[in-house]
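[1] With the input below, show me the fold.
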Amino acid sequence: MNSTFRVLMNAALLSALAAIVTSSWLLRSNTANTNYEFLPDMAHSARYSAYSQNPNFSDGKTLQQPPQGTIAREHLPLHYTAAQPDALRAGNELVNPLGSGNENSIQRGSNVYGNFCAVCHGADATGMGPVAQRGFPPPPSLLLPHALQMKDGQMFHVLTYGQNNMPSYAGQLSTEDRWNVITYVRSVQAAGAKTASTAQSGISQNATAPAGGK
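    Numbers count the residues shown, from 1 in each chain. Next up, the predicted model:
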């Protein structure tokens, strides 16, 4: 009895296995055919070039003005004018978000300064860049007390709106790069102040030294 039952069970299992293998072979996928697509309009939506006609908008244009009040990422508006009072106000209100002494910011600012600023301000920031050496009115040295005392926010305002012969660089430099170059200028000013202090200290020591060196 038990032997007969095992034979029947094995036969049933073998038949089931054969059915599964046969079904798998008959229903095997054809890689040349696409799968069933649910809501195909979402997968194959119409695409329009930026300047092509677009029937989905009343003005027929693909490019649309952003909704009123929209602020692009990393482009916070500045509520200042190019006037000097606003430059002073920016000095009191704006703070360098990158902080002072940020090595990455200084390195990036050095590259920006070399590409956009050194041509007038000079590589040493004294205002005698190649343009100034060829007759263009030189900008003030960034190592003079006026520049040393200028607040970061006011310097950012100058970069953004221009000042005197210097044009605005808002179109050439991103907001972050304007802060980067300010961080770099601060590092140059700090190095210049340290050098001047060391030199002054040497002069003072020589002046107070007794004649004959003894």
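[2] residue nearest the centroid of the chain?
    Residue closest to the average C-alpha location in the chain (Cα atoms, centre = their mean): residue 176, at 5.6 Å.
[3] Are we agreed that it is in a strand?
    No: under DSSP: H, G, I helix; E, B strand; the rest coil, residue 176 sits outside any strand and is assigned helix.
[4] Pretty sure it sits against residue 96.
    No: using Cβ atoms under 8 Å as the test, residue 176 is too far from residue 96 to be in contact (10.7 Å). For glycine as for every other residue, the C-beta is placed from the backbone atoms N, C-alpha and C.
[5] State the helix or strand in which residue 124 lies.
    Under the criterion DSSP states H and E, no helix or strand holds residue 124.
[6] what about it, distance to residue 188?
    Noted for residue 124: a distance of 8 Å to residue 188, by Cβ to Cβ, to the nearest Å.
[7] In the chain, where is pLDDT below threshold?
    Where the chain drops to pLDDT under 70, the residues are 1, 193-214.
[8] mind running it again at 50?
    203, 211-214 (pLDDT under 50).
[9] Which stretches in it count as strands?
    Remark: no strands are assigned in the chain by DSSP state E.
[10] In contact with the residue nearest to the centre of the chain, which residues?
    Contact partners of residue 176, counting by Cβ atoms under 8 Å, 6 or more residues apart in numbering, are 74, 98.
[11] quick one: it and residue 36, what's the gap?
    Taking Cβ to Cβ, one finds residue 176 at 48 Å from residue 36.
[12] Kindly report the same for residue 139.
    The value you get for residue 139 to residue 36, if Cβ to Cβ is used, is 69 Å.
[13] Quick check on those two: which one has the bigger neighbour count.
    residue 139 (22 against 6; other Cβ atoms under 10 Å).
[14] Name all residues that make contact with that one.
    For residue 139, the contact set (Cβ under 8 Å, 6+ apart) comprises 120-121, 127, 132, 165-166.
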